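Chemist: sequence plus predicted model, see below.
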Amino acid sequence: MATLLRGAPVTAAITQGVAGRAAALEARGITPRLAIIRVGERPDDLAYERGVLSRAGKTGVAVDRVVLPESCSQAELLDKVRAASANEGIHGILLFRPLPAQLSEEEAAAAIAPEKDVDCLTDASLAHVLTGAGMGFAPCTAEAVVRLLDHYEVPLAGADVTVVGRSLVIGRPVSLMLQRKNATVCMCHTKTRDLAAHTRAADVVVVACGHARAIGLEHLDAGQVVVDVGINWDEAAGKLVGDVDFDAACELVGAITPVPGGVGSITTAVLMDHIVASAERAAAREG
């Protein structure tokens, strides 16, 4: 039976560290502050917002919520993003996506001040992920994968890692971040020829392809570490499932993240870390 790589211990460790740093800033009269900009009332947005508010309450991060109607115009959205970017008391901006069809995500993201881009929406943050230098932050979920592997002391230097998924949110950035850990990374996707051959050959498999149970027993090998970033609603089973067939994988692999209770639970803690880091950078600039 595989060892479960639960997110809760990782989240607790990050939260404790962030809370201490936030308290040190508060002692200097600086409150780390996040602006959430949400358009409409999407259930998944509301669920994530609740998670962010809960985690913020445990770390000393203040949160301003900016809520716009689903029918809002591009100009109205840009006004709110630019106002948050110009506000010196705000250290991080979280723009919920996807936006309604009449709105341009690209234009809205470009209006975020790069130093306040705590979830990698701007070109500056993407450049930071690519080079490891400059301002900006990695996507919170991609960083959560790396934090989890580090917490459980999974050897990455020299390891063969296969990443299934190529999105800018997880697949591509996590591939780059794992390369900086000296892993040898093979980035695949659902169109990869003989995907199973690539995943079976890996020491670590990170799956973020967005399809329920897309990775089954035929894709895996004994002793592997499997990180399942997917989260899908299985109507027939009436529960959330990952991109990996968890029940089958548990009988073969060495370690695996549960869904829910794995990577997803770490994401909001990483977000808080980014906000506090942004506040620390702002304090350093001010002297």
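Modeler: Noted; the coordinates are in hand.
Chemist: and residue 128, how close does it get to residue 95?
Modeler: Going from residue 128 to residue 95 by C-beta to C-beta, to the nearest Å gives 18 Å. Yep, even glycine has a C-beta here, placed from its N, CA and C like the rest.
Chemist: give me the more crowded residue out of these two.
Modeler: Here residue 128 and residue 95 are compared on neighbour count by other C-beta atoms under 10 Å; more neighbours surround residue 95, at 23 against 20.
Chemist: could you find the closest non-adjacent residue to the more buried one?
Modeler: With C-beta to C-beta, 6 or more residues apart in numbering as the criterion, residue 95 has its nearest non-adjacent residue at 4.9 Å, and that residue is residue 37.
Chemist: spatially central residue in the protein, please.
Modeler: Most central residue of the chain, judged by C-alpha distance to the mean C-alpha position with C-alpha atoms, centre = their mean, is residue 141 at 1.4 Å.
Chemist: just to revisit the earlier point, if I pick the residue nearest to residue 95, what's in contact with it?
Modeler: For residue 37, the contact set (C-beta atoms under 8 Å, 6 or more residues apart in numbering) comprises 66, 68, 77, 80-81, 84, 93-96.
Chemist: mind running it again at 7 Å?
Modeler: Residues touching residue 37, when contacts are defined by C-beta atoms under 7 Å, 6 or more residues apart in numbering, comprise 66, 80-81, 84, 93, 95-96.
Chemist: so it, which state does it fall into?
Modeler: Using DSSP: H, G, I helix; E, B strand; the rest coil, the structure places residue 37 in strand.
Chemist: how much space between it and residue 59?
Modeler: 20 Å.
Chemist: next: residue 40.
Modeler: Distance from residue 40 to residue 59, by C-beta to C-beta: 27 Å.
Chemist: can you check residue 284 too?
Modeler: For residue 284, the distance to residue 59 - C-beta to C-beta - is 20 Å.
Chemist: any regions of the chain where pLDDT drops low?
Modeler: For the chain, residues meeting the criterion pLDDT under 70 lie at 287.
Chemist: show me what the lengthiest helix in it is packed up against.
Modeler: Criterion DSSP state H: the longest helix present in the chain is helix 264-286. Here helix 264-286 touches helix 8-27, helix 43-59, strand 92-95, helix 140-151, going by 3 or more C-beta pairs under 7 Å, 6 or more residues apart in numbering; DSSP states H and E.
Chemist: list the buried residues of the last one.
Modeler: With burial defined by 16 or more other C-beta atoms under 10 Å, the residues of helix 140-151 counted as buried are 140-149, 151.
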